[in-house]
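K.L.:
fold the following.
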Amino acid sequence: VPKKTKIGILPFVIGFEEFLTVAETIFKNAERRGDLDKAYNKIIAAVFTSIENIALMNLKIPPDVVIMENFHQIYCFLSEMKINSLEDRKKEAHQQYSEHLNLYVTKYLGQPLE
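P.N.:
Next up is the predicted model:
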């Protein structure tokens with residue numbers, strides 16, 4: 001791992017956003033919308049798991065930062081897209097972001113933000 005490893009938003013998070021944008025453009029009013037929604041949920045579950053796994057890889061960046069940045073990105077994107085079947089995942093992303101922001105602040109600043 002290079003000395004100045006910079007994680008930021010993970011490439012597969014950006015890829016997921018691009019996929020959702022294209023899929024919504026093409027299949028927005030498709031007859032088989034239920035199948036598309038099921039696929040979205042399977043893909044986003046894999047994205048969430050992958051973010052957590054990468055965060056725990058002992059990189060030089062605190063795991064809370066990796067999780068916080070990526071879940072915030074997903075939350076903001078899902079808020080823009082307004083896909084009904086992903087509302088629960090949007091809430092979960094926001095919860096993960098908030099939780100890890102508080103953990104990071106508490107660990108590195110010594111007290112939670114109020």
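K.L.:
check what contacts stretch 68-85 and list those residues.
P.N.:
Under the contact criterion Cβ atoms under 8 Å, 6 or more residues apart in numbering, stretch 68-85 has outside partners 7-10, 13, 16-17, 20-21, 24, 37, 40-41, 44, 47-48, 51, 86, 89-90, 93-94, 96-97, 100-101, 104. Using the backbone N, CA and C atoms, a C-beta is placed for each residue, glycine as well.
K.L.:
filter those residues to the buried ones?
P.N.:
When burial is judged by neighbour count using 16 or more other Cβ atoms under 10 Å, the buried members of the contacts of stretch 68-85 are 10, 13, 16-17, 20, 40, 44, 47-48, 51, 86, 89-90, 93-94, 96-97, 100-101, 104.
K.L.:
of the residues you listed, which belong to helices?
P.N.:
13, 16-17, 20, 40, 44, 47-48, 51, 89-90, 93-94, 96-97, 100-101, 104 (DSSP state H).
K.L.:
now the farthest one out in this protein, which residue is it?
P.N.:
In the chain, the residue that sits farthest from the middle, by Cα atoms, centre = their mean, is Glu31; the gap is 28.0 Å.
K.L.:
give me the nearest residue to Arg89, chain neighbours excluded.
P.N.:
Spatial nearest neighbour of Arg89, chain neighbours left out: Ile44 (5.1 Å); criterion: Cβ to Cβ, 6 or more residues apart in numbering.
K.L.:
re the thing from before, what separation is there between the residue farthest from the centre of the chain and Glu24?
P.N.:
Note on Glu31: its distance to Glu24, by Cβ to Cβ, to the nearest Å, is 15 Å.
K.L.:
low-confidence ranges in the chain?
P.N.:
Low-confidence segments of the chain (pLDDT under 70): 1-6, 111-114.
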